[in-house]
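Novice: need a 3D model of the following:
(chains A and B)
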2 protein chains.
Amino acid sequence: MGLVVQKYGGSSVADAEGIKRVAKRVVEAKKNGHQVVVVVSAMGDTTDELIDLAGEVSPIASGREFDMLLTAGERISMALLAMAIKALGHEAQSFTGSQAGVITDSVHNRARIIDVTPGRIQTALDEGNIAIVAGFQGVSQDKKDITTLGRGGSDTTAVALAAALNAEVCEIYTDVDGVFTADPRVVKKARKIDWISFEDMLELASSGSKVLLHRCVEYARRYNIPIHVRSSFSGLRGTWVSNEPQGDQPMEQAIISGVAHDTSQAKITVVGVPDKPGEAAKIFRVLADAELNIDMVVQNVSAASTGLTDISFTLPKDDGRGAIEALEKTKGSIGFDSLRYDDQIAKISLVGAGMKTNPGVTATFFEALSGAGVNIELISTSEIRISVVTRKDDVNEAVRAVHTAFGLDSESDEAVVYGGTGR
Amino acid sequence: MGLVVQKYGGSSVADAEGIKRVAKRVVEAKKNGHQVVVVVSAMGDTTDELIDLAGEVSPIASGREFDMLLTAGERISMALLAMAIKALGHEAQSFTGSQAGVITDSVHNRARIIDVTPGRIQTALDEGNIAIVAGFQGVSQDKKDITTLGRGGSDTTAVALAAALNAEVCEIYTDVDGVFTADPRVVKKARKIDWISFEDMLELASSGSKVLLHRCVEYARRYNIPIHVRSSFSGLRGTWVSNEPQGDQPMEQAIISGVAHDTSQAKITVVGVPDKPGEAAKIFRVLADAELNIDMVVQNVSAASTGLTDISFTLPKDDGRGAIEALEKTKGSIGFDSLRYDDQIAKISLVGAGMKTNPGVTATFFEALSGAGVNIELISTSEIRISVVTRKDDVNEAVRAVHTAFGLDSESDEAVVYGGTGR
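Specialist: Predicted coordinates:
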């Protein structure tokens, strides 16, 4: 029996009852002979409450002090969890990100992990303790300041510790039973996926699936740490994310892993761009300089009569205003007619390594959308993914139609609780 | 202009408004040319809420994890204060006890400061920052674990930093205007003391005055750091506590500094102790072995007929049960008739260096009590203090009578807000 890293999100430790439930589960793993490292997020709404407080005292809540503030949340939940475990008669010690050796760069509020030196964790484990570690936080290499890892930070902490400690598996406990073939809130017949490859999971994560963040999966793939996403409430087997299925995991991967959707993006169309070399490059240089992340990009064929073309791209709504401003400022030097901004869009993505060898997939996808009366506005594809942009109002119907068309529907309508895990 | 350490208690930073008010005051000191180090407690009831949470998850909330939990409170308040100061256009950095170099022993929940190595604070100051430090917490020398300093810990942090940084003064901001000649909740005509010596302040603190704790005053006396206790609301000059009055401080110390009272003690009487050498020693050895702190001790003259005597002592009510149990267990070997326990007592103390040279003080004290119809049950004196034990029900009247008898009443009845500062 080897070492297991378990991560519990804020909803799993939202109150004293939740903490005691988690403590029992942790002790169970220990009793089964595992060494156990537990990574916890802040309790329930703690982080939001701290952010609100910061807003009340300062309009410019960010940087070093904001990190100092937010990391108080995990400190509370981890200490309480350690106490709850001790109350069950087992030894536990809690560690801040700094004490756990999570070394980061100095970019406050969204620091990246540079190194993990879990000497104190290893010692605690060797002495028979269960080690509890604060998720989401680290210490900067140069200044020794407290940093936070940004969105999905606690999952990343868990995977990074699992890699540094050579864990058997990183278990991500959440409030859903695993990764589903579609968002169960939209598709009642969505099925839990038993096993999915890192690659397909990465595509799902970047296409709107919120169970695991891209960054965490990417880290796990690089160090080949199997992730087991499962419910902290049900105790059922969840979804394994790994390179290859192992042991009793299903050996065959489905052609299609799942359908993801994303309504958090906006579409900007640059109208009337001279269709000559370098014009598109100028546009995306401006956006890159403004540090805006672009997702899909589509350029229409230019009308022969005018020599002008339209370039459309999608990006997070939050970046929309910044992009419009950046482009407007350089309108003269770039040369285009006008800008169109549209935030009533949805992106629907079909993900699966099997589509590489199944030529009919694209056709079936488009037929399903068409059958549901859904109009396609943009298309973009990768080797194992097809994404389309549609009207936002059509998204639920579109996802359901595609899910059914690819035979992903389960037999039963299950009621599944589904919620974001925040960080 | 030198370095000033300012300490703000939980009631001063109870909400966003309080934090902003403190920020303004801190910035004012900086603008006046001081280098400023600010020590903060947790916001308002944060600590109590965390203790409640701990109680919900574990019946044995103590030790290492309890300290980890509680220290989250200061982390929140100090980060918010730093943000509020930045919002006023000044540079501020916050530091945990560990980052500030507050090195302690490993006795969790009531650690003692071993050393202060404020290198990072000095650097922050030299770079023009206001340094904010979490009160009440440190890091253990051997294990590098987070520790807390117990009751009055934040005041002690402030004084210890003031000593290590060679500060001009340690300002303790609280919700009262300073140290008073008596508890203003009991004595409406109590007067604010402008200056008091370390010695008198130590006696007041150990006699029930709650504005400053004995431990903090003792630390300040050892390193000769003047303390200025003042209100974070009024901005008025408060009470200076130091070796000698300085500058515009009143040169002459009053004969009597003040009247303190304490209703948190209980009295235990050991009845029928053989009046021979070594018997009393046995009793107090038993109590010492149980780590119980005894305050007043009185032994009556033995009755010649029986050769037995009674020994009475006072101690904190919280220790009462432990003392009774320890004594009962050794009843056979010690040899006494019975134990009497009484928690309906009050201790009233008169403090002032001037009583050494004023022989009438004791007489006036007792006459005042007698005039108010208050019966004296125990008496104990030091060079600069007289304490008596009375019925608890008599305490308010007794304090008022003594306060008047020594001419301490102010001209006006001021309404003063008075409250404990917790830690």
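
Novice: where does the stretch 101-250 of chain A have low pLDDT?
Specialist: Residues of the stretch 101-250 of chain A meeting the criterion pLDDT under 70: A:247, A:249-250.

Novice: 90 instead?
Specialist: For the stretch 101-250 of chain A, applying pLDDT under 90 flags the ranges A:150-152, A:175-176, A:206, A:210, A:232-236, A:244-250.

Novice: what is the burial count for the residue in it that chain B sits nearest to?
Specialist: In the stretch 101-250 of chain A, the residue that lies nearest chain B is A:Lys144 (7.5 Å; C-beta to the nearest C-beta). Yep, even glycine has a C-beta here, placed from its N, CA and C like the rest. Using other C-beta atoms under 10 Å in any protein chain shown, A:Lys144 is surrounded by 12 other residues.

Novice: give me the number of residues near the spatially closest residue to it that is not a sequence neighbour?
Specialist: Residue nearest to A:Lys144 in three dimensions, not counting chain neighbours: B:Gln99, with 7.5 Å by C-beta to C-beta, 6 or more residues apart in numbering or on different chains. If you count neighbours by other C-beta under 10 Å, B:Gln99 ends up with 23.

Novice: in contact with the nearest residue to A:Thr364 once chain neighbours are set aside, which residues?
Specialist: Excluding its sequence neighbours, the residue lying closest to A:Thr364 (C-beta to C-beta, 6+ apart) is A:Ala405, at 5.6 Å. Counting by C-beta atoms under 8 Å, 6 or more residues apart in numbering or on different chains, A:Ala405 makes contact with A:364-365, A:367-368, A:371.

Novice: by neighbours, which of those wins?
Specialist: Busiest of those [other C-beta under 10 Å] is A:Phe365, holding 24 neighbours.

Novice: average pLDDT for stretch A:64-84?
Specialist: Averaging pLDDT along stretch A:64-84 gives 95.

Novice: quick one: buried residues of it?
Specialist: For stretch A:64-84, a neighbour-count test (16 or more other C-beta atoms under 10 Å in any protein chain shown) marks A:64-84 as buried.

Novice: can you put the contacts of A:Ala405 in JSON lines and add secondary structure?
Specialist: Shown next, in JSON lines, are the contacts of A:Ala405 (DSSP: H, G, I helix; E, B strand; the rest coil):
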{"residue": "A:Thr364", "secondary structure": "helix"}
{"residue": "A:Phe365", "secondary structure": "helix"}
{"residue": "A:Glu367", "secondary structure": "helix"}
{"residue": "A:Ala368", "secondary structure": "helix"}
{"residue": "A:Gly371", "secondary structure": "helix"}
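
Novice: tell me which of those residues is nearest to A:Glu279?
Specialist: Proximity of the contacts of A:Ala405 to A:Glu279 (C-beta to C-beta) peaks at A:Phe365, which lies at 31.4 Å.

Novice: residues near A:Arg340, how many?
Specialist: A:Arg340 has 12 nearby residues by other C-beta under 10 Å.

Novice: and it, what does it touch?
Specialist: A:268-269, A:271 are the contacts of A:Arg340 under C-beta under 8 Å, 6+ apart.

Novice: and the closest residue to A:Thr71 other than its chain neighbours, its phi and psi?
Specialist: Counting by C-beta to C-beta, 6+ apart, A:Gln137 is the residue found nearest to A:Thr71 once chain neighbours are left out, at 4.5 Å. Note on A:Gln137: backbone dihedrals following degrees, to the nearest 10 are phi -130, psi 160.

Novice: which residues sit against stretch A:275-285?
Specialist: A:270, A:273, A:294, A:297, A:299, A:302, A:307-309, A:311, A:327, A:330, A:333-336.

Novice: err, stretch A:197-208, not the other one
Specialist: Under C-beta under 8 Å, 6+ apart, the answer for stretch A:197-208 is A:179, A:196, A:212-214, A:217-218, A:220-221, A:241-243, A:253, A:257-258, A:260-264, A:347, A:349, A:351-353, A:382, A:384-385, A:387.

Novice: how far off centre is that stretch?
Specialist: Distance of stretch A:197-208 from the chain centroid (C-alpha atoms, centre = their mean, to the nearest Å) equals 9 Å.

Novice: restrict it to CA atoms and write it as PDB.
Specialist: What follows is stretch A:197-208, C-alpha atoms only, in PDB (Å, rounded to 0.1, in the frame of the first residue of the first chain):
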ATOM      1  CA  SER A 197      -7.000   9.700 -21.000                       C
ATOM      2  CA  PHE A 198      -5.100  12.800 -19.900                       C
ATOM      3  CA  GLU A 199      -5.400  14.100 -23.500                       C
ATOM      4  CA  ASP A 200      -9.200  13.900 -23.700                       C
ATOM      5  CA  MET A 201      -9.500  15.300 -20.200                       C
ATOM      6  CA  LEU A 202      -7.300  18.300 -21.200                       C
ATOM      7  CA  GLU A 203      -9.600  19.000 -24.200                       C
ATOM      8  CA  LEU A 204     -12.700  18.700 -22.000                       C
ATOM      9  CA  ALA A 205     -11.200  21.000 -19.400                       C
ATOM     10  CA  SER A 206     -10.300  23.700 -22.000                       C
ATOM     11  CA  SER A 207     -13.800  23.300 -23.600                       C
ATOM     12  CA  GLY A 208     -15.800  24.200 -20.600                       C
END
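
Novice: ok, now which ones touch the residue nearest to A:Ala29 when sequence neighbours are not counted?
Specialist: Nearest non-adjacent residue to A:Ala29, counting by C-beta to C-beta, 6+ apart: A:Val36, 5.0 Å away. The neighbours of A:Val36, taking C-beta under 8 Å, 6+ apart as the test, are A:3-4, A:6, A:26, A:29-30, A:130-131.

Novice: swap in 6 Å and give it another go.
Specialist: By C-beta atoms under 6 Å, 6 or more residues apart in numbering or on different chains, the residues touching A:Val36 are A:4, A:26, A:29-30, A:130.

Novice: A:Ala87: what's it in contact with?
Specialist: The contact partners of A:Ala87, taken as C-beta under 6 Å, 6+ apart, are B:Ser58.

Novice: before we move on, the earlier item: buried ones among the contacts of stretch A:197-208?
Specialist: A:179, A:196, A:212-214, A:217-218, A:220-221, A:241-242, A:253, A:257-258, A:260-262, A:347, A:349, A:351-353, A:384-385, A:387.

Novice: and those residues, which of them are in helices?
Specialist: A:214, A:217-218, A:220-221 (DSSP state H).

Novice: switch those residues over to a markdown table; also include distance to A:Gly235.
Specialist: As requested, these are exported to a markdown table (distance: C-beta to C-beta, whole Å):
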| residue | distance to A:Gly235 |
| --- | --- |
| A:His214 | 28 |
| A:Val217 | 24 |
| A:Glu218 | 28 |
| A:Ala220 | 23 |
| A:Arg221 | 27 |
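
Novice: and the pLDDT at A:Glu383?
Specialist: The score at A:Glu383 is 82. That number is its pLDDT.

Novice: number of residues surrounding the nearest residue to it once chain neighbours are set aside?
Specialist: Take A:Glu383 and drop its neighbours on the chain: the residue closest to it by C-beta to C-beta, 6+ apart is A:Lys356, 5.9 Å away. Number of residues near A:Lys356 (other C-beta under 10 Å) recorded here: 11.

Novice: A:Lys356 belongs to a strand?
Specialist: No: under the criterion used here (three-state DSSP), A:Lys356 is helix, not part of a strand.

Novice: show me where chain A has its helices.
Specialist: Applying DSSP H to chain A gives helices spanning A:16-31, A:46-57, A:63-70, A:72-87, A:119-126, A:153-164, A:198-206, A:214-223, A:279-289, A:320-329, A:331-334, A:361-371, A:395-405.
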